[in-house]
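A.B. asks: here is my input, please return the structure:
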Amino acid sequence: MRSTARRVFLDPSTPMAGSITRVVLITLLILLFAVILFAGLYLLKFLLFLIVLSVLGAYLLDPLVTFIRRPFVERNVERLMPRSIAIIISYLFVFGILGLAIGSLAPLIVSQIRKFAEDLPVYARLFQERIEELNLRYEQLMISDEVQTQINARVATLVGDFGTQITSIAGNTVFDIIGYLPWLF
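C.D. replies: Next up, the predicted model:
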């Protein structure tokens, strides 16, 4: 018998094992650097949020500070209104307006929430009427009772889950806003 073993020759243009290893290591290092960078940004998200808010606040309040100081600068008596005092005055002005706005809007919002809570039974009754209309359609389409029950159970579950999600999202949003208020001040 004759041996059918053949030799395999690599094409000279094939990259060397060292080159492949180097490319893989560089790629892994880039991925590791990206993961560390994103993890660091995630851990510093509150600090970055505060920095962005600070820059935005400074950018928005600068025209007001300049406006407060303008009469003093034009009369060459800037020492009577230093920039720090003008900044404090502008903060008091802005937060005073915000306080007045919140104070006047809060009772309206509370009354709207109270009215919505009072109307919830009406919404539940309307929902029940829609389910009854759906059941009448099922009967007209001659759908069996067990299929009707399954469909009604699914619809009720979806609506209940939707209500739970809405309540959860609203509550979490309120708590998030309350949690950020001390950071803003």
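
A.B. asks: quick one, what contacts the most centrally placed residue in the chain?
C.D. replies: Centroid-nearest residue in the chain: Thr173, 9.3 Å away (criterion: C-alpha atoms, centre = their mean). Residues near Thr173 by C-beta atoms under 8 Å, 6 or more residues apart in numbering: none. In short, each C-beta sits where N, CA and C put it, glycine included.

A.B. asks: now it: which helix or strand?
C.D. replies: helix 145-184 (DSSP states H and E).

A.B. asks: what average pLDDT does that helix get?
C.D. replies: For helix 145-184, mean pLDDT is 72.

A.B. asks: now swap in stretch 116-127 and tell me
C.D. replies: 79.

A.B. asks: now the closest residue to Asn135 other than its chain neighbours: how far from Ala124?
C.D. replies: The shortest distance from Asn135 to any non-neighbouring residue, by C-beta to C-beta, 6 or more residues apart in numbering, is to Gln148 (6.2 Å). Taking C-beta to C-beta, to the nearest Å as the measure, Gln148 falls 20 Å from Ala124.

A.B. asks: can you check Arg79 too?
C.D. replies: Arg79 is 68 Å from Ala124, by C-beta to C-beta.

A.B. asks: compare these two (neighbour count), which wins?
C.D. replies: The neighbour count for Arg79 versus Ala124, taken as other C-beta atoms under 10 Å, is higher for Ala124 (12 against 7).

A.B. asks: and Val174, how far from Ile113?
C.D. replies: Relative to Ile113, and taking C-beta to C-beta, Val174 is found at 11 Å.

A.B. asks: right, I mislabeled it, should have said Ser90
C.D. replies: Distance from Ser90 to Ile113, by C-beta to C-beta: 33 Å.

A.B. asks: tell me which of these two has more neighbours.
C.D. replies: Ranked by neighbour count (other C-beta under 10 Å), Ser90 and Ile113 place Ser90 first, with 20 against 11.

A.B. asks: for that one, give me its contacts.
C.D. replies: Here Ser90 is in contact with 61, 64-65, 68 (criterion: C-beta under 8 Å, 6+ apart).

A.B. asks: which SSE is it in?
C.D. replies: helix 83-140.

A.B. asks: gap between that helix and the chain center?
C.D. replies: For helix 83-140, the distance from its own C-alpha centre to the chain's C-alpha centre is 19 Å (C-alpha atoms, centre = their mean, to the nearest Å).
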